[in-house]
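In: everything below, folded, please.
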Amino acid sequence: MRAAVIHEPGKVSVETVPDPTPGPREVVVGVAACGICGTDLHIAEGEFAPSLPIIPGHEFAGEVVEVGSEVTEVRVGDRVAVDPSLFCGECHYCKIGRGNLCERWAAIGVSVSGGAAEFAKAPVKNLAVLPEGVRMEDAALIEPLSCVVRGFDILSARVGQHLLIYGAGTMGLMNLQMATRAGAVSVSVVDTNADRLATATKLGATAVATSADDLDRPQGWEIVIDCTGVVAAIEDGFNRVRKGGTFMQFGVSAEKAVARFSPFRIYNEEITIVGSMAVLHSYPRAAELFAAGLLDADSIITHRLPLEEYPAALEAFRAGKGLKTQVLPGKKA
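Out: Here you go, the predicted structure:
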């Protein structure tokens, strides 16, 4: 089969590799679409993945083409989306229900071969069968949506609150759509990209701006979510939280990045700071929300490229072109 392979930092190619073979409780999925996200950039730069080479791609969906000897839950021809999480189930964090913090954390497309290929292998327990009417290509968005669902689990957001989101990329726009569905009375979005702000307005943002200084809410917001991972945005966002409010770090920063906060303000104004890490008990709910029409996929997916263009797709994503970039193994150059 053809697959994208990250051999070493900065070296990415598309080449022929052996087809995957399923174990007893695994399936092989013919990949319809695979999304590219910040994690893939980190892997291409030599971070996150425990070893290289690796076939990346943890956001993917497709059709079951082969099942293992003990698989009864799905059949060849079923259309599925794939949760990439591979928790060990044995460590302390798994035993207390916090698998996303697993001491042996692993994931399809990070520690084992992923979906940037014609075919990908996955445990049957990681599959969500897609109902009729859901495009398989669009369903690759279920994985990032499941991260958003996890974030809202942590926030325990109440109806009628005011939210401020930093970043109108894929994750910021997904958080926006989730917040409006969850009963926020207003959702404001900050980004330096005018086109992305226009998309945020289209998707229901109450107000958009290139700086929070331009938003009319001097008392601050009950919830502020950073979806950028940029230190300057994080520090500014923390200062926009109203008394008794919550700041959530959703965006992925560089490992050595350091942001500065006022500990006195955290104490004196009872501000809560939380983080949200990947997926936890949220993928099935994200699949149902997606099937119910929570997301406007056409507004989020801006580039659909052939698998052979994976290196160029990765660079386009790095350059901030458009929003969600996908590679489609079945698409011809």
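
In: what sits against residue 215?
Out: By C-beta atoms under 8 Å, 6 or more residues apart in numbering, residue 215 lies in contact with 164, 188, 190, 207, 209. Using the backbone N, CA and C atoms, a C-beta is placed for each residue, glycine as well.

In: can you pick the most crowded of these?
Out: Neighbour counts for the contacts of residue 215, by other C-beta atoms under 10 Å, peak at residue 190, which reaches 29 neighbours.

In: correct me, but that residue touches residue 163?
Out: No - judged on C-beta atoms under 8 Å, residue 190 makes no contact with residue 163 at a distance of 11.5 Å.

In: now do the helices in this protein.
Out: For the chain, the helices defined by DSSP state H occupy 38-44, 92-95, 142-155, 170-181, 194-202, 231-238, 263-268, 283-291, 297-300, 310-318.

In: and those as a markdown table, adding mean neighbour count, mean pLDDT and distance to residue 257?
Out: Formatted as a markdown table, the helices of the chain follow (neighbours: other C-beta atoms under 10 Å; pLDDT from 0 to 100; distance: least, C-beta to C-beta, whole Å):
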| stretch | mean neighbour count | mean pLDDT | distance to residue 257 |
| --- | --- | --- | --- |
| helix 38-44 | 21 | 92 | 13 |
| helix 92-95 | 14 | 98 | 24 |
| helix 142-155 | 24 | 98 | 19 |
| helix 170-181 | 25 | 97 | 17 |
| helix 194-202 | 17 | 97 | 22 |
| helix 231-238 | 18 | 98 | 5 |
| helix 263-268 | 10 | 98 | 18 |
| helix 283-291 | 20 | 98 | 28 |
| helix 297-300 | 16 | 97 | 26 |
| helix 310-318 | 19 | 93 | 18 |
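
In: how about those, which one is nearest residue 75?
Out: For residue 75, the closest of the helices of the chain is helix 283-291, at 18.1 Å, according to C-beta to C-beta.

In: count of neighbours near residue 113?
Out: By the measure other C-beta under 10 Å, the count of residues near residue 113 is 21.

In: what's near enough to touch residue 100?
Out: Counting by C-beta under 8 Å, 6+ apart, residue 100 touches 85, 87, 150, 277-280.

In: now do residue 128
Out: Going by C-beta under 8 Å, 6+ apart, residue 128 touches 80-83, 142, 283-284, 287.

In: now flag whichever of those is closest to residue 298.
Out: So of those, ranked by how close each gets to residue 298 (C-beta to C-beta), first place is residue 142, at 15.7 Å.

In: distance of the residue nearest to that closest one when sequence neighbours are not counted from residue 36?
Out: Once flanking residues are discounted, residue 142 sits nearest to residue 81: 4.4 Å by C-beta to C-beta, 6 or more residues apart in numbering. When distances are taken as C-beta to C-beta, to the nearest Å, residue 81 and residue 36 turn out to be 16 Å apart.

In: look at these two and report which has more neighbours.
Out: Using other C-beta under 10 Å as the criterion, residue 81 and residue 36 rank with residue 81 on top: 31 against 27.

In: any idea which residue of the protein is furthest from its center?
Out: Most distant residue from the mean C-alpha position of the chain: residue 268, 33.9 Å away (C-alpha atoms, centre = their mean).

In: tell me who's in contact with that one.
Out: For residue 268, no contacting residues are found, by C-beta under 8 Å, 6+ apart.

In: circling back: just the ones of the contacts of residue 215 in strands?
Out: Among these, DSSP state E puts 164, 188, 190, 207, 209 in strands.

In: how much space between residue 81 and residue 188?
Out: Distance from residue 81 to residue 188, counting by C-beta to C-beta: 31 Å.
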